[in-house]
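1. Below are the sequence and a predicted model for it; my questions follow.
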Amino acid sequence: MWPEAPSDSSSIWHKAVIFRVMSGSRSTGVFLDHEFDLPDGRRRPIVFWTGVVLVTVGVILHLPMYIESAEMHYHMAGMKMDAAMLWGMVLIVSGSALAGWGLVPRRANHEGAALLKVRAIDDARISKTHVGLLLVLAIAVTIDVMKPTTLAFVAPGVAEEYHLRAPGHPHGDVPVAWLPFSGIAGTVLGSLIWGWLGDRMGRRAAMLLAGILFIGTSICGAMPSFGWNVVMCFIMGLSAGGMLPVAFTLLSETIPARRRGWLMVFIGGDIAGAYVLTSWASETLTPTYSWRILWLIGLPMGVLFLFLARWVPESPRYLLSVGREDEARRVLTRYRAEVVRIERSELADEESLGNRYSQLVRSPFLGLTTMLTLLAVGIGLTVYGFQMWLPSNLRQLGYDGVSADRVLRDSALIGFPLNLAVAYLYHRSSRWTLIGLSGLVTASLALFTILGDSAAENRAVLNTLLVIPIWGSSSVIAVLSAYAAEVYPTRIRSRGSGLAAGMTKAGGVLVLAMIVAAVAAPSLRATAAIGAVPMAVATVAAVAVAVETRRRRLEDITCDELGGRAPAR
């Protein structure tokens with residue numbers, strides 16, 4: 001017999017007994033797996049998985065036309081969409097809508113912060129759940145970054161098939177830059193939308209929705225016309241832009257403070273890994289299956305992510321901040337964190353903050369937001385100006401397709417181990433790591449600006465010189481993503497991460513817009529100079545306003561920023 005419960009059946013004692021009974025049964029694993037499969041029991045799991053099936057079938061219906069084009073080396077330009085492809089598009093659109101509806105909670109989220117101890121998250125030891133989360137999110141970051149990175153490797157093939165204007169095909173009428181322009185523009189909007197979704201529907205639910213679009217937009221590789229490629233690349237950008245900031249938000253709110261910084265940067269190092277994998281896939285698969293295969297592999301990758309996401313719990317800080325106490329208890333227990341009831345929520349000071357994007361540009365966050373925006377735009381100009389056009393520029397300078405891809409892969413591989421050093425440095429000082437990396441990338445771009453095309457005359461020298469901008473750019477993005485996920489309160493953290501990620505892509509939109517308008521030719525020297533100038537300004541701004549987050553609890557950082565009081569809405 002259980003001891004008699006107090007007369008108030010809604011008491012914490014009663015909830016604790018129920019929770020103990022459930023956690024002590026053999027069926028707990030099944031129960032929790034079901035809950036974590038679609039967090040928050042108020043959602044619609046059957047509707048969600050029906051949507052997933054429809055999207056997957058819709059993508060598969062696009063493959064017959066691609067397979068039929070094998071005799072033409074998979075050149076599909078000029079082909080008309082068949083009935084299967086048209087029905088496939090209908091299934092993808094309807095399935096995406098169903099899956100999204102299945103993820104939306106049936107009632108509003110923000111109910112006031114739960115009265116459970118937030119510090120328990122930082123006091124917990126690293127458990128199997130933490131390790132599983134890190135592994136799955138590392139894979140998610142890699143898959144996510146491969147999407148926009150692929151734009152650089154498909155551009156030469158797209159230009160050739162559709163007779164577009166590019167460095168290697170100067171006589172085309174329409175610039176191939178429209179393709180990356182639409183894709184990167186989509187990532188800007190996607191980062192902002194998913195930043196909002198992460199704060200409204202939950203970090204994990206927003207990631208699952210992005211995973212659905214991963215699958216659906218793999219049909220970029222089966223589109224017969226260039227116009228449809230541009231449209232689908234924009235939609236692809238929406239999902240790719242949203243995954244990264246939400247993933248880093250989830251990591252920052254889950255990993256204990258003493259290990260949070262370096263683990264986040266280490267996971268962010270997979271940005272360089274994504275470049276390695278994409279260049280390898282381009283070198284290995286493109287000669288046989290054309291550039292289209294680089295998009296089509298998004299189907300198995302997206303399905304893999306949705307399968308692995310089953311082992312990713314929702315952010316306990318997010319659950320506590322919106323008052324979903326029962327779920328927060330289950331997640332805290334899964335992380336082996338002590339569940340402690342308190343009189344006043346440690347997140348209560350955040351409740352007077354506005355939960356809108358406008359809060360990011362109000363006191364006390366205006367300085368930080370300005371600095372992060374400058375740095376994000378600068379590194380975006382570097383990645384999508386200098387780095388994106390490297391495959392095309394190297395081909396123009398005499399490297400064939402496979403050689404250009406191999407040069408970029410080798411440079412990324414050389415720099416990949418340096419991510420461990422960056423993670424350690426961030427663990428020692430987040431502020432100075434951010435400043436130092438930005439300055440290093442600025443110096444390397446200045447060197448390419450001085451050398452120009454002569455940098456490609458010696459392959460060994462070129463490999464060495466490319467290490468810093470390729471590795472350094474990805475490391476700056478990793479550090480920037482981790483830092484942005486630490487300096488904002490839980491209530492607007494996903495929005496802050498989304499803004500930083502979106503501004504990174506905004507730099508790409510600026511440089512690609514200039515290329516589309518033929519204002520600036522994407523030469524090696526020009527793209528290096530375009531990135532070097534704003535990076536220098538961003539580095540100086542970081543020296544002035546960046547704050548230290550090393551080993552500090554997120555709530556302590558917020559408390560210092562608020563100066564002991566919550567600002568007005």
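-> Structure's in. What do you need? Numbers count the residues shown, from 1 in each chain.
2. what's the offset of the helix or strand containing G157 from the middle of its chain?
-> Using DSSP states H and E, G157 falls within helix 128-162. Centroid displacement of helix 128-162 relative to its chain, using CA atoms, centre = their mean, to the nearest Å, is 9 Å.
3. Can you give me the buried ones in it?
-> The neighbour-count check on helix 128-162 (16 or more other CB atoms under 10 Å) flags 129-130, 133-134, 136-162 as buried. For glycine as for every other residue, the C-beta is placed from the backbone atoms N, C-alpha and C.
4. cool, and stretch 278-298?
-> By neighbour count on 16+ other CB under 10 Å, the buried set for stretch 278-298 is 278-279, 281-283, 285-286, 289-298.
5. first vs last residue of that stretch, how far apart are they?
-> Terminal residues of stretch 278-298 lie 12 Å apart, using CA to CA, to the nearest Å.
6. I'd like the mean pLDDT over that stretch, please.
-> Confidence for stretch 278-298, expressed as mean pLDDT, is 87.
7. again with stretch 47-67
-> Average pLDDT, stretch 47-67: 93.
8. If you count neighbours, what's buried in that stretch?
-> Within stretch 47-67, the residues scored as buried using 16+ other CB under 10 Å are 47-52, 54-56, 58-59, 61-63, 65-66.
9. So which residue is dead centre in this structure?
-> By CA atoms, centre = their mean, the chain has its centre lying nearest to L244, at 1.4 Å.
10. Is that one within a helix or a strand, and which one?
-> L244 belongs to helix 226-252 when assigned by DSSP H and E.
11. Helix 128-162 and that helix, what's the angle between them?
-> 160 degrees (axes from the mean of the first three to the mean of the last three CA atoms, to 10 degrees).
12. packing partners for helix 226-252?
-> The contact analysis (3 or more CB pairs under 8 Å, 6 or more residues apart in numbering; DSSP states H and E) places helix 226-252 against helix 128-162, helix 178-200, helix 203-216, helix 257-268, helix 459-484, helix 493-516.
13. Kindly reformat those as JSON lines and extend each row with distance to A337.
-> Shown next, in JSON lines, are these (distance: least, CB to CB, whole Å):
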{"stretch": "helix 128-162", "distance to A337": "10"}
{"stretch": "helix 178-200", "distance to A337": "22"}
{"stretch": "helix 203-216", "distance to A337": "17"}
{"stretch": "helix 257-268", "distance to A337": "13"}
{"stretch": "helix 459-484", "distance to A337": "22"}
{"stretch": "helix 493-516", "distance to A337": "19"}
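14. and of these, who's closest to R395?
-> Proximity to R395, assessed across the helices and strands packed on helix 226-252 by CB to CB, is greatest for helix 128-162 (6.2 Å).
15. What is that closest one packed up against?
-> Contact here means 3+ CB pairs under 8 Å, 6+ apart; on that basis helix 128-162 packs against helix 178-200, helix 203-216, helix 226-252, helix 257-268, helix 270-289, helix 293-296, helix 298-308, helix 390-396.
16. Turn the helices and strands packed on helix 226-252 into a markdown table, including distance to H427 and mean pLDDT.
-> Output for those, formatted as a markdown table (distance: least, CB to CB, whole Å; pLDDT from 0 to 100):
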| stretch | distance to H427 | mean pLDDT |
| --- | --- | --- |
| helix 128-162 | 15 | 83 |
| helix 178-200 | 25 | 88 |
| helix 203-216 | 23 | 90 |
| helix 257-268 | 4 | 83 |
| helix 459-484 | 11 | 80 |
| helix 493-516 | 20 | 84 |
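17. right, so of those, which gets closest to A84?
-> A84 lies closest, by CB to CB, to one member of those: helix 203-216, at 15.8 Å.
18. can you state the direction angle for that closest one and helix 128-162?
-> Interaxial angle, helix 203-216 versus helix 128-162 (the same axes, to 10 degrees): 30 degrees.
19. Distance from helix 203-216 to the middle of the chain?
-> Relative to its parent chain, helix 203-216 has a centroid offset of 11 Å by CA atoms, centre = their mean.
20. could you give the angle of it to helix 493-516?
-> For helix 203-216 against helix 493-516, the angle by the same axes, to 10 degrees is 30 degrees.
21. so what secondary structure elements neighbour helix 203-216?
-> Judged by 3+ CB pairs under 8 Å, 6+ apart, the packing partners of helix 203-216 are helix 45-60, helix 83-103, helix 128-162, helix 178-200, helix 226-252, helix 298-308.
22. right, and those - which one's nearest S454?
-> S454 sits nearest to helix 128-162 of all the helices and strands packed on helix 203-216, at 22.3 Å, using CB to CB.
23. relative orientation of that closest one and helix 178-200 in degrees?
-> For helix 128-162 against helix 178-200, the angle by the same axes, to 10 degrees is 160 degrees.
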